[in-house]
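**Student:** Sequence and predicted model, in that order:
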Amino acid sequence: MPPARITVLISGSGTNLQALIDATKDGSLPNCEIIRVISNRKSAYGLTRARNANIPTTYHNLLPYKRKEGVSESAARDAYDADLATIVLADHPDLVVCAGWMHILTPSFLDPLSTTTPPLPVINLHPALPAAFNGANAIERAHAAWVQGKVDKTGVMVHYVVQEVDMGEPIVVREIQFQEGDAGEGGVERLEERVHHVEWGVIVEGVRRAVGKLRGEGEGGEGMNSSSFVPCLDLLTLNNSLSDIQMSIWVQGSQLNNIPSASVCSPLDSWCKELDLMSPVFPLDPQGKSKGSGD
Ligand SMILES: Nc1nc2c(c(=O)[nH]1)N[C@@H](CN(C=O)c1ccc(C(=O)N[C@@H](CCC(=O)O)C(=O)O)cc1)CN2
Ligand SMILES: NCC(=O)N[C@@H]1O[C@H](COP(=O)([O-])[O-])[C@@H](O)[C@H]1O
């Protein structure tokens, strides 16, 4: 079977792109190839990561569209997105991954992809739980809600992209419990660091599942212990210590319940091992410099 062709959209440092690049090389994302990286920001360090990995890159900026005489903001965005779809479709990818893409995608982009045969799926990494903090700055907003006592956890998900922002069907969801150390000076930054470490694993698992689904490999995707796999189990809640994993079960974005890991049946244990979630070692920080900022 030829490798799955993946196009990645970025806007910033590209640490999640780097996690995908590393995964295609170390075997944790088997038979997948990143065929192009597209950024809306010229200075995005993710473009450097792509070039270092010999992956074709495209810089697709919105400003020239907005500067055209007599063109409204929405018309400019439509034209921009239509051209983005043309760029993407020219490579005949199997999957598009938004890894920190900081534009809301309009139907001018989504419609051409959904009407190809087969439809070209778009997935997105979002640093929040389903329907919790949709849109930009989700980590900061979740932290503010925790400080105000409104939430006791946040998380990361990969979901299918639909027009309604961050409301597409979740593919993988992982909860993150707030910690005492998230309060006070530097609390947001400490939370962000934990969120990013979780993201680097979740984005790989999300792509693996989306590719598995494209290939008709069932819920868990290739390599999962699918015979005993609990299909609806998409979520692991890691509280402060890995030794005490709380399992929550989400189905189609709705949380069903929390069950203490002690009562977890063996298939889940094997699933945990399969995903290396029992290990205290999260995915290594993708190589390359620390998070930069987009321009
Ligand atoms: N139609 C969709 N587009 C996008 C989705 C989606 O689910 N449906 N996911 C987002 C990613 N994203 C959150 O995960 C997100 C990114 C950016 C914004 C946003 O408000 N962007 C502003 C501009 C911000 C900037 O340029 O700095 C905007 O587009 O006006 C919201 C959500 C990817 N797109
Ligand atoms: N709403 C989308 C969104 O907030 N995406 C976020 O952008 C960052 C990209 O980091 P990276 O450039 O280092 O991969 C990630 O934290 C990702 O969750």
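**Tutor:** On my side now, so go ahead. Ligands and ions are numbered 1, 2, ... in the order given.

**Student:** For stretch 205-220, list the C-alpha coordinates in CSV.
**Tutor:** Output of stretch 205-220 as CSV, limited to C-alpha atoms (Å, rounded to 0.1, in the frame of the first residue of the first chain):
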residue,chain,number,x,y,z
GLU,A,205,-2.4,9.4,17.5
GLY,A,206,-5.0,11.6,15.8
VAL,A,207,-3.3,11.3,12.4
ARG,A,208,-2.8,7.6,12.9
ARG,A,209,-6.5,7.1,13.5
ALA,A,210,-7.6,9.3,10.7
VAL,A,211,-5.3,7.5,8.3
GLY,A,212,-6.5,4.1,9.7
LYS,A,213,-10.1,5.2,9.0
LEU,A,214,-9.2,6.2,5.4
ARG,A,215,-7.7,2.7,5.0
GLY,A,216,-10.8,1.1,6.6
GLU,A,217,-8.7,-0.2,9.5
GLY,A,218,-11.5,0.2,12.0
GLU,A,219,-11.7,2.4,15.1
GLY,A,220,-8.3,2.0,16.5
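
**Student:** Show me which residues of it are buried.
**Tutor:** Applying a neighbour-count criterion of 16 or more other Cβ atoms under 10 Å, one finds 205-213, 217, 220 buried in stretch 205-220. C-beta: built from backbone N, CA, C; applies to glycine.

**Student:** Tell me which residues of the strand or helix carrying residue 112 come out buried.
**Tutor:** Per DSSP states H and E, residue 112 falls inside helix 107-114. For helix 107-114, the neighbour count (16+ other Cβ under 10 Å) marks 108-110, 112-113 as buried.

**Student:** restrict the residues you listed to those near ligand 2?
**Tutor:** Near ligand 2, judged by Cβ under 6 Å from any ligand atom, there are no entries from the buried residues of helix 107-114.

**Student:** before we move on, the earlier item: in terms of secondary structure, what does the helix holding residue 112 contact?
**Tutor:** Helix 107-114 sits against helix 73-90, with contacts defined as 3 or more Cβ pairs under 8 Å, 6 or more residues apart in numbering; DSSP states H and E.

**Student:** Can the helix it packs on be said to contact ligand 1?
**Tutor:** No - applying Cβ under 6 Å from any ligand atom, one finds helix 73-90 separated from ligand 1 by no less than 8.0 Å.

**Student:** Specify the angle between that helix and helix 107-114 in degrees.
**Tutor:** Put simply, helix 73-90 runs at 20 degrees to helix 107-114, going by axes from the mean of the first three to the mean of the last three Cα atoms, to 10 degrees.

**Student:** Could you check helix 73-90 and say which residues are buried?
**Tutor:** Buried residues in helix 73-90, defined by neighbour count with 16+ other Cβ under 10 Å: 76-82, 84-85, 88.

**Student:** average pLDDT across the next helix or strand after it?
**Tutor:** Counting by DSSP H and E, the next helix or strand C-terminal to helix 73-90 is strand 95-98. Mean per-residue pLDDT for strand 95-98: 98.

**Student:** Extract the C-alpha trace of strand 95-98 and format it as CSV.
**Tutor:** The C-alpha trace of strand 95-98 is given here as CSV (Å, rounded to 0.1, in the frame of the first residue of the first chain):
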residue,chain,number,x,y,z
LEU,A,95,-5.4,14.0,4.6
VAL,A,96,-4.9,17.6,5.6
VAL,A,97,-3.7,18.4,9.1
CYS,A,98,-4.1,21.8,10.8
